[in-house]
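# What follows is a protein structure lacking sequence information:
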């Protein structure tokens, strides 16, 4: 069987695997899913943030390499070999996910500086107009009630903006832990995952482009050395990946990352405010019941 005849069925199998859920597999498919253990490891070991914000960027980076592997090694069309390679592929993608996280963390401070500060800090500044004055006051009431810290005043912020930003940043760290405990599955978590995905992919845009271009060149050279045409499925797909890396990495991701960060900051502060108000209402009810019982 020629490489061209093997490549597309194998790629189709990969697409099917990425959409299937092994928990929904029937007994007839059990031998197949039991061999593809990499997909079960993904479900057992990774939470939604790891999967979407770290693994997916890593998968995008390694995708051109996978295309070249499928094109240049027809033996991968065998299910047992493909299943075994899935485990190794999972380890590779997970490692690249860790790399993507590290690259995203490295650019985060630079991004915040270019935005005028972290959105979670910027929104609570008195000199920032994203949140109205009344909303900021309500948030500070919740901060005082939940964390027993004195509120930051506009005068203090004006006297020492850097110190004020540090205090707000420290408070937001406590807010994040508060939300993980009080509102673990809130909308803020979805926005946090989106921000993590965009930030990590933005930080990985250079290696993503290098891998895509190198894989395109490999597909062309391999085809010429084996007597095939340089215009083949692997070279075309990797060329598309290179164009996507350039367009998304430099035209789309910078703006999308900022919007996602601001959306996450807004939803986190609003979720905290809602939970803090609910906590105060519960305390008032308990106090009222206690006074009623004491009468």
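Here it is on my side, so go on. Computed from a predicted structure; not experimentally measured.

# Against which helices or strands is the one helix or strand residue 271 maps to packed?
Element membership for residue 271 (DSSP states H and E) is helix 253-294. Applying 3 or more CB pairs under 8 Å, 6 or more residues apart in numbering; DSSP states H and E, one finds that helix 253-294 makes contact with helix 79-115, helix 119-122, helix 133-147, helix 161-182, helix 187-203. In short, each C-beta sits where N, CA and C put it, glycine included.

# Ok, which of those helices comes nearest residue 59?
Residue 59 lies closest to helix 79-115 among those, at 5.2 Å (CB to CB).

# between that closest one and helix 187-203, how many degrees?
Calculated by axes from the mean of the first three to the mean of the last three CA atoms, to 10 degrees, helix 79-115 forms an angle of 90 degrees with helix 187-203.

# Could you check the angle helix 79-115 makes with helix 253-294?
Using the same axes, to 10 degrees: helix 79-115 against helix 253-294 is 80 degrees.

# and helix 79-115 with helix 161-182, angle?
Going by the same axes, to 10 degrees, helix 79-115 makes 140 degrees with helix 161-182.

# How far off centre is the helix holding residue 271?
The chain centroid and the centroid of helix 253-294 are separated by 24 Å under CA atoms, centre = their mean, to the nearest Å.

# what is the mean pLDDT for it?
Averaging pLDDT along helix 253-294 yields 90.

# cool, and stretch 225-244?
On average, stretch 225-244 scores 94.

# How about stretch 162-177?
Averaging pLDDT along stretch 162-177 yields 97.

# List of residues touching it?
Identification of contacts with stretch 162-177 by CB atoms under 8 Å, 6 or more residues apart in numbering yields 117-118, 120-121, 124-125, 143, 147, 149, 152, 156-157, 268-269, 272.

# quick check, nearest of these to residue 72?
Closest approach to residue 72 among the contacts of stretch 162-177 (CB to CB): residue 118, at 44.9 Å.

# Confirm for me that that closest one is in contact with residue 265.
Yes: between residue 118 and residue 265 there is a contact under CB atoms under 8 Å: 7.4 Å.

# more neighbours, the two?
Neighbour count, other CB atoms under 10 Å: between residue 118 and residue 265, residue 265 has more, with 24 against 20.

# would CSV of the helices and strands packed on helix 253-294 with distance to residue 222 and mean neighbour count be doable?
Formatted as CSV, these follow (distance: least, CB to CB, whole Å; neighbours: other CB atoms under 10 Å):
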stretch, distance to residue 222, mean neighbour count
helix 79-115, 18, 16
helix 119-122, 46, 22
helix 133-147, 58, 16
helix 161-182, 48, 16
helix 187-203, 28, 22
